[in-house]
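Novice: Here's my sequence, what's the structure:
(one chain, ligands or ions: 1)
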Amino acid sequence: MATLTGKLTSAACLLILSACASSMHAQEPSAAAAPTPAQIRIYKHSAWSDVPPKGVDCHGVRQNLNTTNYTKLTLDDLTVTLLKAEPGAPGADEKAPVIDKARLKLSKGEATEERDVNEGEAFNWNGYHIAIPAIYQKKGELGYPSTVVEAATVESLPERVANATKADGPADRLRVKHTINKLTLHHSATPHKEGDVLATKLKNQQLWGEKDRNWFDVPYHFFIDLDGSVYQARDYKYAGDTNTAYDTRGHFLINCFGNYEEAEPNEKQLATIANLMAWGAMENKIEPIEIFGHKDLAQTGCPGKNLYKYIEDGSLKKRVEDIVKSGKKPEIVWLDDLKSK
Ligand SMILES: [Zn+2]
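Specialist: Numbering: from 1, shown residues only. So this is what the prediction gives:
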């Protein structure tokens, strides 16, 4: 994994989407479709990956906490505060994993407790199941200085997860339901040129995310290729993931694949971003329309200056608003097979 991880380390924004959302009905592509309303051709998750998304539905939340600006998460009457996080000490066996540690403060009404936890632990407290899937306390590592904390009500989880004393892998990660109210743009921060096969890159990213980041699926909701075609990623009804510190709930996450700190996006990509954002805004009844770049939310250069300029100058927002005002909701065409490209 070393090479792949290295390549992806620069994609500090990594967040994704998957199974077909219930409100998005599969349709056969129509060659005769009129240019208005705009048509968005989307390859289903299952078209580019034979690995289905993992994770469990729940009433829960997942946050990357740190001890400076994202110190706590709340779920109903539960508050979990990160008091301290520190790198684990290497043992005598150099091959053994180094387990980072954290101290949490748990509060629910009058009940309160401070608790030391190790990376990878899970436990139940006052009706809640709390898991620590990862702690990134080694300076310079992807995710530093986050402690990833998940909390869900015990009753909302399958028994296997509710009783677990380990956070374990992607199959046990929480799928956090959310209501979309913002539109957010990312890039992959990796080079992507004519002739590169995006499907292969996405599949690698999914597998890397499972193994290296303990994510149940790719972290964004949609990817956009150079030709303007769209790849469905994590189901947008679930919040995305990130290696940075911001609350991904509410964000409709679009990743324009490539490095737009260096490359320039083309018109097909920009048109697709606008159409997809307009569709997302109309489908989720977002009012007023708010468009963010990842860098507006966290410490990152994402989505790169050459993409961000369209957010900064308001032109992307105007484009999206013009489509929404026209009332012509873009039409989604779901594609089952990459061969239909
Ligand atoms: Zn990003």
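Novice: where do the strands sit along the stretch 151-300 of the chain?
Specialist: 174-175, 182-187, 222-224, 230-232, 251-256, 291-293 (DSSP state E, counting those that start in this stretch).
Novice: Can you say which of those strands is nearest to G55?
Specialist: Evaluated over the strands of the stretch 151-300 of the chain, closeness to G55 peaks at strand 174-175, with 4.3 Å, by Cβ to Cβ. Backbone N, C-alpha and C define where each C-beta goes, glycine included.
Novice: residues in contact with the closest one?
Specialist: Residues outside strand 174-175 that contact it (Cβ atoms under 8 Å, 6 or more residues apart in numbering) are G55, V56, D57, C58, G60, V61, R62, A131, E150, A152, F216, Y238.
Novice: Between which two of these is the distance greatest?
Specialist: So, the contacts of strand 174-175 by Cβ to Cβ: farthest apart are A131 and Y238, at 16.6 Å.
Novice: Centroid-wise, who is the farthest residue in the chain?
Specialist: A92 (36.8 Å; Cα atoms, centre = their mean).
Novice: Now do the SS call for that one.
Specialist: coil (DSSP: H, G, I helix; E, B strand; the rest coil).
Novice: Can you show me the helices along the chain?
Specialist: 2-9, 45-48, 159-162, 198-213, 267-283, 305-312, 315-326 (DSSP state H).
Novice: Adding mean pLDDT and distance to N69, write those helices out as JSON lines.
Specialist: Below are the helices of the chain laid out as JSON lines (pLDDT from 0 to 100; distance: least, Cβ to Cβ, whole Å):
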{"stretch": "helix 2-9", "mean pLDDT": "42", "distance to N69": "22"}
{"stretch": "helix 45-48", "mean pLDDT": "97", "distance to N69": "33"}
{"stretch": "helix 159-162", "mean pLDDT": "98", "distance to N69": "29"}
{"stretch": "helix 198-213", "mean pLDDT": "97", "distance to N69": "21"}
{"stretch": "helix 267-283", "mean pLDDT": "98", "distance to N69": "27"}
{"stretch": "helix 305-312", "mean pLDDT": "98", "distance to N69": "21"}
{"stretch": "helix 315-326", "mean pLDDT": "97", "distance to N69": "26"}
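Novice: With distance to R173 and mean neighbour count added, can I get those helices in a markdown table?
Specialist: Output for the helices of the chain, formatted as a markdown table (distance: least, Cβ to Cβ, whole Å; neighbours: other Cβ atoms under 10 Å):
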| stretch | distance to R173 | mean neighbour count |
| --- | --- | --- |
| helix 2-9 | 19 | 13 |
| helix 45-48 | 16 | 20 |
| helix 159-162 | 9 | 15 |
| helix 198-213 | 9 | 19 |
| helix 267-283 | 24 | 21 |
| helix 305-312 | 29 | 18 |
| helix 315-326 | 31 | 16 |
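Novice: Quick one: these as JSON lines, columns for distance to F223 too.
Specialist: Shown next, in JSON lines, are those (distance: least, Cβ to Cβ, whole Å):
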{"stretch": "helix 2-9", "distance to F223": "14"}
{"stretch": "helix 45-48", "distance to F223": "9"}
{"stretch": "helix 159-162", "distance to F223": "29"}
{"stretch": "helix 198-213", "distance to F223": "6"}
{"stretch": "helix 267-283", "distance to F223": "11"}
{"stretch": "helix 305-312", "distance to F223": "14"}
{"stretch": "helix 315-326", "distance to F223": "17"}
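Novice: Can you add distance to the ion and give the ones you listed back as TSV?
Specialist: Below are those laid out as TSV (distance: least, Cβ to the ion, whole Å):
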stretch	distance to the ion
helix 2-9	12
helix 45-48	20
helix 159-162	29
helix 198-213	13
helix 267-283	14
helix 305-312	10
helix 315-326	16
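Novice: what's the closest of those helices to H187?
Specialist: Nearest of the helices of the chain to H187, taken as Cβ to Cβ: helix 305-312 at 5.9 Å.
Novice: which other helices and strands contact the closest one?
Specialist: Other helices and strands packing on helix 305-312, by 3 or more Cβ pairs under 8 Å, 6 or more residues apart in numbering; DSSP states H and E, are strand 182-187, strand 291-293.
Novice: In this structure K177 contacts Y238, no?
Specialist: Yes. In this structure, K177 is within contact of Y238 by Cβ atoms under 8 Å, at 6.3 Å.
Novice: More neighbours: these two, which one.
Specialist: Neighbours per residue, other Cβ atoms under 10 Å: of K177 and Y238, the larger number sits with Y238, 25 against 15.
Novice: what sits opposite the residue nearest to the more buried one when sequence neighbours are not counted in the beta ladder?
Specialist: Spatial nearest neighbour of Y238, chain neighbours left out: R175 (4.6 Å); criterion: Cβ to Cβ, 6 or more residues apart in numbering. Beta-bridge pairing for R175 (DSSP bridges): D57.
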